[in-house]
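Peer 1: Next comes the sequence, and after it the predicted model I'd like to discuss.
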Amino acid sequence: MQKPRITKITDLAVEVEIEYNRLQKMLGGLIIMQMVDLARLRLLVGPRLDYWMMRGESAEYIRAMERELQRKRERLAQEQRQAEHRAAP
């Protein structure tokens, strides 16, 4: 796994183009996060941010679907490697 490039809150603020003091207040629950803030964070973090926003069964359902998709990809890759190995002279 690659080392994350963002290791400080100041780095995160720069990356998502949110003023440091405002970001600190948002993450601390002192002010309300705007949709634009959420969109910027999602662009940075990716779909994993969705789990943070969801609660309970909805998030677990998506996690289970992603795990199954990953297993299928791994099986397909393994089958492809085996087929290539059998086809090799």
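Peer 2: Great, that's in hand.

Peer 1: now the end-to-end length of stretch 18-38.
Peer 2: From the first residue to the last, stretch 18-38 extends over 11 Å; the measure is Cα to Cα, to the nearest Å.

Peer 1: which parts of it are buried?
Peer 2: Buried positions in stretch 18-38, judged by neighbour count with 16 or more other Cβ atoms under 10 Å: 18, 23-24, 26, 37. Just so you know, the C-beta spots here come from the backbone N, C-alpha and C atoms, and that holds for glycine as well.

Peer 1: Need phi/psi at Ile31.
Peer 2: The phi and psi values for Ile31, taken as degrees, to the nearest 10, are phi -130, psi 160.

Peer 1: mind checking how far the nearest residue to it once chain neighbours are set aside is from Arg5?
Peer 2: Nearest non-adjacent residue to Ile31, counting by Cβ to Cβ, 6 or more residues apart in numbering: Lys25, 4.5 Å away. If you measure Lys25 against Arg5 using Cβ to Cβ, to the nearest Å, the figure is 24 Å.

Peer 1: and the top helix by length along the chain, average pLDDT?
Peer 2: Ranked by residue count, the top helix of the chain under DSSP state H comes out as helix 56-87. Over the span of helix 56-87, the pLDDT mean works out to 85.

Peer 1: quick one: Ile6 and Leu23 touch, right?
Peer 2: No: applying Cβ atoms under 8 Å as the test, Ile6 and Leu23 come out as separate, 12.0 Å apart.

Peer 1: Need the residues touching each of those two.
Peer 2: Applying Cβ atoms under 8 Å, 6 or more residues apart in numbering, one finds that Ile6 and Leu23 are jointly contacted by Leu12.

Peer 1: before we move on, the earlier item: now, which of the buried residues of stretch 18-38 sits nearest Ala83?
Peer 2: Nearest to Ala83 among the buried residues of stretch 18-38, counting by Cβ to Cβ, is Asp37 at 47.4 Å.
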